[in-house]
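Q: With the sequence up front, the predicted model follows.
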Amino acid sequence: MVRFLRPLSRGTTYTRLLHLWVPMLLQSVWMLVDESKPWVPALVLVAVGLVPAVRVGEGVQGRLLLTPGAQDPGISATPSTSWRDRGRTVLWLELRVLLGWVTALCTVWMPIAAYELAKCAWGHAPSGVPVLDLLPPGRAWALLAPVPLLVLYGAVVGLGELITAWARRFLGPSAAERLAALEERTERLLERARIARELHDSIGHALTVAVVQAGAARAAGDPEFTDRALEAIEETGRAALDDLERVLGVLRESERPASARPTLADADRLLESARASGAKVDAEVTGPVAAVPGPVSREGYRILQEALTNVLRHAGAVPVRVRVAVRGDALTLEVRNPLPTGLPVSGRGSGLRGMRERAALLGGSARTGPDEGDWQVRAELPLG
């Protein structure tokens, strides 16, 4: 019994009832003007529903009264952008008027019917209800007195659920709105993935260099080498802090431009950091690197950074050959180092996957894996 009556304790039940009653307020005004033509308001609503802004008002009403407090109400509050949306709005308005009539009949006549049946049970003749006027007084009518109240309960709760379902059907997001929402969600996911790659590449590189430098300094036992290692660790740490501040800036201000991120013009600091860690870097840059478009140059920098980080992390202080070339309409990056022994070669790390994803987002490609006794990272990025 408690479960059956639970809807009566919810505020949503009564806000939905108010929503059902709203059309009847307008209908009542018209009945004062000309009660012989009750169908005129429904006809006028056909023209009203074609106005794009009407869908906004109906959506706002639906959200406030039908689904109050819902995080995802499933009801749109944007203007109609197509004739299909206008047609759905018109049909919604007509259905709303229809349910308004049913609600008015139930909420007005069901309590009256219950009262008149109770009067009959107490021996009084009913009055005011055409059908009940024919009933003779008798105690047996007391058994039927609760029936109109049950009908009223069913109407209030059931019609509220029905109008909410219809609102989601006819005022729900259109195909264009769903596509726009999907594109927005995809953009957010891509931005989160980009931020994750930024943190992985910049902070991972700095930590790798710091660990290698600290280990080398401890093993060398040379004060002069230790000073150089500490200086390299400090420089790498400062650069990592700058990168971290840029990434956090993206989180704080989603509209902040990405132009502040490092590009291939800053590649010298990566090479010097790798050299300071003991790697013998043979670098060669050909072509107008400064003229490479910003997005390509930034992603190229991150690919080069991750490749050098992997060399230091997995191979240590080994000879590294770096080639950066700009030819025609493509940028080519190649990093090669002797293949480390005793380590599994899977090519499935998150860093390697990140390099391939960066290249793919620009319409290019990145290959990683063994090649003629070396470990090779080769990326080709289109400049267009």
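A: Ah, there it is. Note that the structure is predicted; figures quoted are calculated from it, not measured.

Q: from here on, contacts and neighbour counts on C-alpha atoms
A: OK.

Q: Tell me how this structure divides into domains.
A: The chain is divided into the following domains under automatic domain parsing: 2-173, 179-382.

Q: With mean pLDDT and mean neighbour count as extra columns, can I get these in JSON lines?
A: Output for the domains of the chain, formatted as JSON lines (pLDDT from 0 to 100; neighbours: other C-alpha atoms under 10 Å):
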{"stretch": "domain 2-173", "mean pLDDT": "85", "mean neighbour count": "17"}
{"stretch": "domain 179-382", "mean pLDDT": "78", "mean neighbour count": "17"}
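
Q: Am I right that Ala283 is in contact with Ala325?
A: No - the criterion here is C-alpha atoms under 8 Å, and Ala283 misses it with Ala325 at 10.9 Å.

Q: and Glu284, what helix or strand is that in?
A: strand 280-286 (DSSP states H and E).

Q: Show me what that strand is packed against.
A: Other elements packing on strand 280-286 under the criterion 3 or more C-alpha pairs under 8 Å, 6 or more residues apart in numbering; DSSP states H and E are helix 267-276, strand 319-327.

Q: Give the partner strands of the last one in its sheet and their orientations.
A: For strand 319-327, the paired strands and their directions (DSSP bridges) read strand 280-286 (parallel), strand 330-338 (antiparallel).

Q: For Ala155, find the nearest of these.
A: strand 330-338 (69.2 Å; C-alpha to C-alpha).

Q: quick one: secondary structure of the most centrally placed residue in the chain?
A: By C-alpha atoms, centre = their mean, the chain has its centre lying nearest to Arg185, at 3.7 Å. With DSSP: H, G, I helix; E, B strand; the rest coil as the basis, the three-state label of Arg185 is helix.

Q: And the one 10 residues further on, by the same measure?
A: For Ile195, the secondary-structure state derived from three-state DSSP is helix.

Q: measure the residue lying closest to Ala210 once chain neighbours are set aside to Ala142 for me?
A: Closest residue to Ala210 apart from its sequence neighbours, by C-alpha to C-alpha, 6 or more residues apart in numbering: Ile233 at 5.2 Å. From Ile233 over to Ala142 the distance is 91 Å, taken as C-alpha to C-alpha, to the nearest Å.

Q: Leaving out chain neighbours, which residue sits closest to Gly278?
A: Ala317 (4.8 Å).

Q: To clarify, my last question referred to Arg378.
A: Arg378 sits nearest to Glu334 (C-alpha to C-alpha, 6+ apart), 4.4 Å away.

Q: and the one you found, what does it touch?
A: Residues near Glu334 by C-alpha atoms under 8 Å, 6 or more residues apart in numbering: Arg321, Val322, Arg323, Val324, Gln376, Val377, Arg378, Ala379.

Q: Correct me if wrong: Pro293 contacts Pro382.
A: No - with contact defined as C-alpha under 8 Å, Pro293 does not count as touching Pro382 (9.9 Å).

Q: Could I get the contacting residues of the closest residue to Gly316 other than its chain neighbours?
A: Among residues not flanking Gly316 along the chain, Ala279 sits closest, at 7.1 Å (C-alpha to C-alpha, 6+ apart). By C-alpha under 8 Å, 6+ apart, the contact list for Ala279 reads Leu312, Gly316, Ala317, Val318, Pro319, Val320.

Q: try 10 Å
A: Ala279 sits next to 271-273, 308, 311-312, 315-320, 337 when contact means C-alpha atoms under 10 Å, 6 or more residues apart in numbering.

Q: for Arg218, same thing?
A: By C-alpha under 10 Å, 6+ apart, the contact set of Arg218 is Phe225, Thr226, Ala229.

Q: just the residues you listed now: which is nearest Ala206?
A: Once C-alpha to C-alpha is applied, the member of the contacts of Arg218 that ends up nearest Ala206 is Ala229, at 13.0 Å.

Q: check which helix or strand covers that closest one.
A: Assigned by DSSP H and E, Ala229 falls within helix 223-252.

Q: before we move on, what about Ala366?
A: Secondary structure assigned from DSSP H and E places Ala366 in strand 365-371.

Q: which residues are contacting that strand?
A: So strand 365-371 is contacted by 303, 307, 332-339, 345-348, 352-360, 375-382 (C-alpha under 10 Å, 6+ apart).

Q: got the angle between it and strand 330-338?
A: Interaxial angle, strand 365-371 versus strand 330-338 (axes from the mean of the first three to the mean of the last three C-alpha atoms, to 10 degrees): 20 degrees.
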